[in-house]
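Student: What follows is a protein structure lacking sequence information:
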C-alpha cells in the first residue's frame, strides 16, 4: 500500500521509510515538484514512523503534542509527476523538550537523492502553550528502535 511505512536497511542509519507518488498538483509550471510539496511527504513519513513505534497521538484531547519548531532543507535533484518517492526518516536526537528528525527523499526508479531535511519538533503543553519535557517512555521507545544511532539525553 502506497504511503504505508516499512522497515528498511537500504540507507543506514535510516531504519524506516514510507512511499509516496508525485501527484500532478505537486508540480509547478516547469513540471517538477514544487519545493513546498516535500513537507507533506516528510509529514507522511513521520506519521508512519510514529505509527510503527506505537507513538501516534490520535486523541484530540491530548494535553501535549509535538509542534514544528524548525526545518532545514536541501534540494539536490528534481522529481517529476508520477515519480515514486521513498522518504527515509529517523529520529537523530532527543533533547529535554525537542526531537530532531532527519529525512531523505529518493526517487525509487533510479535511487537518486532528491532532498534532505532536518526538522525539530517541540513537545508543547497545549493549555499553557509552553515547551514540555519529553517523557521517558518516548525516549526508551526510540532508543529501542534507533539504538546508538540517536543521541538521547
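Tutor: Alright, I've got the coordinates. What you are looking at is a predicted structure, and each value in this text was computed from that prediction instead of being measured.

Student: which secondary structure element contains residue 122?
Tutor: strand 112-125 (DSSP states H and E).

Student: Mind listing the strands that strand pairs with, and their directions?
Tutor: Sheet partners assigned to strand 112-125 using DSSP bridges are listed as strand 64-75 (antiparallel), strand 98-107 (antiparallel), strand 130-131 (antiparallel).

Student: Identify all contacting residues around the last one.
Tutor: It refers to strand 130-131. 97-98, 122-125 (C-beta atoms under 8 Å, 6 or more residues apart in numbering). For glycine as for every other residue, the C-beta is placed from the backbone atoms N, C-alpha and C.

Student: same thing with stretch 134-153?
Tutor: 13, 15, 53-55, 90-99, 123.

Student: now, which of the residues you listed lie within strands?
Tutor: 90-94, 98-99, 123 (DSSP state E).

Student: So which of those is the closest to residue 109?
Tutor: residue 90 (23.1 Å; C-beta to C-beta).

Student: In this protein, which residue is most central in space?
Tutor: residue 46 (3.4 Å; C-alpha atoms, centre = their mean).

Student: show me the contacts for it.
Tutor: Residue 46 is in contact with 89, 101, 103, 119, counting by C-beta under 8 Å, 6+ apart.

Student: how many neighbours does residue 11 have?
Tutor: Taking other C-beta atoms under 10 Å as the criterion, the count of residues near residue 11 is 15.

Student: Bridge partners for residue 85, pull those for me.
Tutor: residue 20, residue 107.

Student: Against residue 105, how distant is it?
Tutor: 5 Å (C-beta to C-beta, to the nearest Å).

Student: go on, residue 9?
Tutor: 18 Å.

Student: Kindly report the same for residue 26.
Tutor: According to C-beta to C-beta, residue 26 and residue 105 sit 12 Å apart.

Student: higher neighbour count, these two?
Tutor: It is residue 105, of residue 26 and residue 105, that has more neighbours when counted by other C-beta under 10 Å, with 28 against 22.

Student: so what's the more buried one up against?
Tutor: Residue 105 makes contact with 38, 41-42, 79, 85-88, 113-116, according to C-beta under 8 Å, 6+ apart.
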